[in-house]
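>>> here is a sequence with its predicted model. Questions after.
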Amino acid sequence: MAELIVGPLMDVTISKVISVANEQLNLAVGFRQELKRFHETLKMIQGVLQYAEQKGMIGRPDLKPWLEGLRSKAEEADDVMDEIAYENLRYKVAQMWEKVSYFFTLSNRLAFRLKIACRVKNLNLELADLNKTARGLGLQDILASKHPEHIETQQTDSSISDPSKIVGRETKVLEVVESLIDSSNDQPLLVVSIVGMGGIGKTTVAKLVCNNEKIRSHFFKIMWVCVSENFNLKRILIEMLQDFGENVSADVNQDIVVHKIQEKLREKNFLLILDDVWNEDWQKWESLRSCLLGIGLNVGSRVLVTTRNENVASIMGTLSEHMHHLEKLTDEDCWSIIKQRAFVSSSFSSELEGIGRDIASKCRGLAFVANVIGGSLCDNTEKDDWLSIRDNSEVWGSIEEANGVLRVLQLSFNRLPIPALKQCFAFCSIFPKDVVMEKEMLIQLWMAEGFLQPSSKRYMEMEDIGDRYFNALSSYSLFQDVERDSYGSIITCKMNDLIHDLAQSVSKSQTLILEDGSRRNIPANIQHLNVISDKGMKTTKLGDAPKKLHTLFSQIDVFHSMSTNLRKVRVLSFYGADIDELLAFLGKMKHLRFLDVSRTRIKELPKFITKLYHLQTFRFMNCGEIKRPLKGIWSLVNLRHIYFNDEKLMPAGIGGLTCLKTLQLFVVGQQEGHQIEELRCLSQLRGKLKIRNLGMVRDKEEAMGARLFEKDAIQELQLVFGEESNSGEESNGDEEFNSGEDRCEHDEDILEGLQPHSNLKGLIIEYYCGKSCPSWMSKIENSLKNLVFMSLYQCLWLEKIPSLSVNIEANVEIKCCKKLKSIVYSSLRKLIIEDCEELVKVEAEPVAMNSLKEVHIKRCDKLKIFLMISKLQSIEILTLEDCKKLKTIGNNA
């Protein structure tokens, strides 16, 4: 593991040294020279390390002590640079408050500089000794080569529509489908199983079955649960309920979960997929089966199981005619997969094809292996690279052994082009198997760990570097099962079990997951720790935290047993943890960059959080016990991402966080620090932004102060003018207006001043009381040319809207616009209209594009006319409900 860890860490450290040396010109006497010497020594040692890697010397036993020593000093150097940066930030914040006392500027800072100068000097001596030792070991220093600054990656889609997913499995998919919909079998809760070795494609076949049109129309509800090695009845039931969109906590009573599922599936049939089942305990299956028999319609409901073990399928009651064994693919099938993955945008020679077919024959019919190998060669036409994979006899010769597939997958890992990319991949082993990983959070975690360092020559935001790394790992098939939002952006992914095994194998000396309550000592070298509690693990059963710990995920209160060793932690996540307070030592965690206290019972956000000057990401979602917002948020000068969904917890003065990129909710108020002009300087905002209480904005000029038209990275903008009361009636502070006309003019002015950037993809307007739309919406095809989703909801006074000439791929929803009389559309894909009481006519412009595919119109009592474009109108789905006066459905030719 040393070669994996030290290289990237040295890169990070060197970057920090350069930054600090350039910024700090007036440190203690001799400190600048020590930093310069420190920088030169680090670069020299990095060159030695790269030489050892290039010559294949890293595995030598005699190098292990030297590598461990180098790793230790690199970590210490990283901490020192971090402390220097923290002190600079502390001084910067103090200056902002104009509270820099004479004592602080001269005495304290001088003492700090002298202390740091001494530490850097000692590090220089120790690094010099390491360099001397390296020469004695036969290592020579070379000029440290630059790793690629730009990683070319293909936008991959790991969804089931990828043709490589169905190579050689078409017949088997149809066989499973027929087993599931077979009406001749009236067995209650019939079990159908897909059996095969790891990597052969069981999960892929199951997904193809779920997407089959016959299956989707036959079953009322399809639910998917990844079971894996832990067959936990309560967890399976909770995940079934979550499939209905229910928000369920882990401590909920099991009987309540079953009852809620019963309510959802009353007299309805369902298909439950239990993926990757290992359980051979008959009683555990019977416990689940008895629960399922009381849910929904027994006769006609089905369970589809994927497992490596035929005995598991038999225990679960699978009859022989419903047990489907997956055979290995042919060499031709494996070559088809490799070809599709490797040559995404390039052609290939007959010579490469010959080598590729040789590689395919070595895949032993395993679709997963072919997929990963193909991904590792994506758009690579270098003959030597293909030969190096084909001719690796040591790896291919072991594929039939217990860990043989893992060795083949190691080839893909070894081909990752830069050390930081290997670091990012290895870090993912901190998540348990089958966990859905949120892309944004994953990148924020990588950033907090220091893996996303911008190049000195080509500046990129760390989030953009992380996005490239994520795409690279996806293109190498190390991330799979990606889910996308309505704008086509990847939001989540998973790791195949075998890929997770690979991540664990390359990070086992650094990463540990504790999943039970048994007492065990945590090894001193562990840097990333995840404490998972299913059975109420007690704090007393955990020992002290390792002194080098950088990452801590915990679902229990570890403050009292671990607090003394948490000062070097960069990532602290208590998501869903059973804690009710944050102890004061948290304010001393100078290195902390990621803090998540979501779904906890904490009652306040303590003031000392504002001393975490390095903090980049702060999450406090669903914290119902907190009553007041955090004060002094402005001092978190490095904060880039903040997540909260409780309006009363929005901090005042958020406009001072000029590095902020994620702010999903902003609540307008009249008190200082809550006005909409707080958004003015947040020019780097990206993703989704919801602005509530726009009725509180005084006028158009104040609205323009938010400068939304400059924020080119915002993807979705939700503008909410009023608040929804408990009765469901809309309220927008009518007491502020003398008449309805005043209210109407006010809202029209405000919306006029909130013009977004033309890059916007989604626009949602709610509780707007204007009669017309703003001028920037009159020619929406020009002002919002990238828009693919628009929603108007509860715009009660809106009488007219411009022609819906949006985008041929756009979806438009218009709901509860009571006074809207007509709608004209020109180009869009999907149109939904509901509860528009005065709507009389929906028509297409004569010159409209023939792009509309789907129309749903419901509860529009006065609708009389619905005119399509022409006879060529290509509507595939048309739903008309409770439109009692509709008389004309025709063509606007």
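Sure thing, it's come through.
>>> name the nearest residue to Ser349, sequence neighbours excluded.
When the adjacent residues along the chain are set aside, Ser349 lies closest to Thr381, with 7.6 Å between them (Cβ to Cβ, 6 or more residues apart in numbering). No exception for glycine: its C-beta is placed from N, CA and C like everyone else's.
>>> is it true that that neighbour touches Phe348?
Yes - taking contacts as Cβ atoms under 8 Å, Thr381 lies within contact range of Phe348: 6.5 Å.
>>> strands of the stretch 351-500 of the chain, start to end?
Under the criterion DSSP state E, counting those that start in this stretch, strands of the stretch 351-500 of the chain are mapped to 437-438, 480-484, 490-494.
>>> looking at these, which is closest to Ile84?
Proximity to Ile84 (Cβ to Cβ) singles out strand 437-438 among the strands of the stretch 351-500 of the chain, at 32.4 Å.
>>> name the helices or strands packed onto that closest one?
Applying 3 or more Cβ pairs under 8 Å, 6 or more residues apart in numbering; DSSP states H and E, one finds that strand 437-438 contacts strand 490-494.
>>> which other residues reach the strand it packs on?
Contacts of strand 490-494 from elsewhere in the structure, counted by Cβ atoms under 8 Å, 6 or more residues apart in numbering, are 158, 434-440, 470, 474, 479-485.
>>> which strands border it, and is each parallel or antiparallel?
Strand 490-494 has the following strand partners under DSSP bridges: strand 437-438 (antiparallel), strand 480-484 (antiparallel).
>>> by mean pLDDT, show me the worst of these.
Per-segment mean pLDDT for the strands paired with strand 490-494 reaches its minimum on strand 480-484, at a mean of 87.
>>> what's the first-to-last distance across stretch 312-320?
Terminal residues of stretch 312-320 are spaced 13 Å apart (Cα to Cα, to the nearest Å).
>>> how about it: buried residues?
Within stretch 312-320, the residues that qualify as buried by neighbour count (16 or more other Cβ atoms under 10 Å) are 312-318.
>>> which residues does that stretch contact?
Counting by Cβ under 8 Å, 6+ apart, stretch 312-320 makes contact with 191-193, 195, 277-280, 282, 285, 289, 303, 305, 307, 323, all of which sit outside it.
>>> from those residues, which is closest to Asn253?
Of all the contacts of stretch 312-320, Arg289 has the smallest distance to Asn253: 20.2 Å, by Cβ to Cβ.
>>> give the next helix or strand downstream of the least confident helix or strand in the chain by mean pLDDT.
Lowest by mean pLDDT, DSSP states H and E among the helices and strands of the chain is helix 102-103, with a mean of 44. Beyond helix 102-103 on the C-terminal side, the first helix or strand identified by DSSP states H and E is helix 109-136.
>>> the helix or strand just after that next one: which residues count as buried?
Tracing the chain C-terminally past helix 109-136 and defining elements by DSSP H and E, one meets helix 170-181 next. Under the neighbour-count criterion of 16+ other Cβ under 10 Å, helix 170-181 has 172-173, 175-177, 179-181 buried.
>>> for the stretch 551-700 of the chain, what spans make up the strands?
Taking DSSP E, counting those that start in this stretch as the criterion, the stretch 551-700 of the chain carries its strands at 551-554, 571-573, 594-596, 617-619, 641-643, 662-663, 665-667, 686-692.
>>> can I get those strands in TSV with mean pLDDT and mean neighbour count?
Shown next, in TSV, are those (pLDDT from 0 to 100; neighbours: other Cβ atoms under 10 Å):
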stretch	mean pLDDT	mean neighbour count
strand 551-554	93	22
strand 571-573	96	23
strand 594-596	97	23
strand 617-619	98	24
strand 641-643	98	22
strand 662-663	97	23
strand 665-667	97	19
strand 686-692	96	19
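>>> turn those strands into TSV, columns for distance to Ser851.
Converted to TSV, the strands of the stretch 551-700 of the chain look like this (distance: least, Cβ to Cβ, whole Å):
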stretch	distance to Ser851
strand 551-554	46
strand 571-573	44
strand 594-596	42
strand 617-619	40
strand 641-643	36
strand 662-663	33
strand 665-667	34
strand 686-692	26
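>>> picking up where we left off before, quick one, what contacts the residue nearest to Ser349?
Shown in contact with Thr381 (Cβ under 8 Å, 6+ apart): 346, 348-349, 352.
>>> can you check Ile832 too?
So, once contact is read as Cβ under 8 Å, 6+ apart, Ile832 ends up touching 811-815, 855-857.
>>> which among the residues you listed end up buried?
811-815, 855, 857.
>>> in helices only, show me the residues you listed.
Cross-referencing these against helices under DSSP state H gives no overlap.
>>> helix, strand, or coil at the nearest residue to His322 once chain neighbours are set aside?
Distance criterion Cβ to Cβ, 6+ apart; nearest residue to His322, sequence neighbours excluded, is Val192 at 4.5 Å. Under the three-state scheme (DSSP: H, G, I helix; E, B strand; the rest coil), Val192 adopts strand.
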